[in-house]
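Student: heads up, no residue letters with this:
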């Protein structure tokens, strides 16, 4: 038998699946229990990459475990998904590390820049404060960034956020910045950024427009704004020839996705945990994720199909 990831996972089920599923059999609620078997509900946030993460977990569970997997992907915002898992209305969803540490109580103003340190702290908080499990994190980083419209860098010579701050502080405030609503308000977003880079006063003179995060790329690409908030693994950065400014003071924290799970749905050491961890272990680079996102957001391929293709290519299913 070829030793693929799927075979390893299935072997784990054969060795320990009965005990693991038996430990779940007495649980009740939407996430588990059902007529005649065990079920786990997969949830996700409502944006392309989050849905992709959800389908990776969903399809891996279907292929590698005996549980019935219910589809509640694209459920809502992060807090809605979090409450669903905490209240046993969902078994898991993927939450990014800096988001977990900065927005899930107890919230923290200062976020560690080391990805593993941040993950371990968020994992401890989720366990101690909420009784939830934080599973394997992927090592690719989908963090916030500032990007400028095509031609802006050539016109100004600005390549880093420090140089952008200097440019703004020199009186060049007749520009438009487009920001997602959350980024505009969060301390790990615009308010913290302008303080950290020392252009808070000058930033008050900018024309700030709050728009949907997904609209930022097109608005910048069409030259309707000079600078805006982007996510680093969004393929529209390349589609619209935007230039990401270097975060030379490392303000933006690491955002690595990992499944947040209710322990009743995903017991420690269970085949269910192994099946959810496997896709995260396989996601190791931003380029890899940008390509997957591009197939969905630009080429308009079905997100579930893209997830299955990736899992098959990695030998997970």
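Tutor: That came in fine, so what should we check first? Small disclaimer: the values here were computed from a predicted structure and weren't measured.
Student: Output the contacting helices and strands for the lengthiest strand in the chain.
Tutor: Criterion DSSP state E: the longest strand present in the chain is strand 68-76. Judged by 3 or more C-beta pairs under 8 Å, 6 or more residues apart in numbering; DSSP states H and E, strand 68-76 is in contact with strand 39-45, helix 48-64, helix 78-86. In short, each C-beta sits where N, CA and C put it, glycine included.
Student: That strand pairs with which strands, parallel or anti?
Tutor: Here strand 68-76 has these sheet partners by DSSP bridges: strand 39-45 (parallel).
Student: If I take the partner strand and helix 78-86, what angle do their directions form?
Tutor: Per axes from the mean of the first three to the mean of the last three C-alpha atoms, to 10 degrees, the angle that strand 39-45 makes with helix 78-86 is 170 degrees.
Student: how far does strand 39-45 sit from the chain's center?
Tutor: Using C-alpha atoms, centre = their mean, to the nearest Å, the distance from the centre of strand 39-45 to the centre of the chain it belongs to is 15 Å.
Student: which one is residue 218 nearest to, not counting chain neighbours?
Tutor: residue 240 (6.6 Å; C-beta to C-beta, 6 or more residues apart in numbering).
Student: who touches the one you found in this structure?
Tutor: 150, 217-218, 220-222 (C-beta atoms under 8 Å, 6 or more residues apart in numbering).
Student: again, but for residue 157
Tutor: Applying C-beta under 8 Å, 6+ apart, the residues contacting residue 157 are residue 163.
Student: Just the pLDDT at it, thanks.
Tutor: We have a pLDDT of 97 for residue 157.
Student: which stretches of this protein form strands?
Tutor: Applying DSSP E to the chain gives strands spanning 39-45, 68-76, 92-96, 133-134, 144-148, 176-179, 207-210, 227-231, 243-244, 257-261.
Student: right, so those: which one is the most enclosed?
Tutor: Ranked by mean neighbour count, these are led by strand 92-96 with a mean of 29 (mean count of other C-beta atoms under 10 Å).
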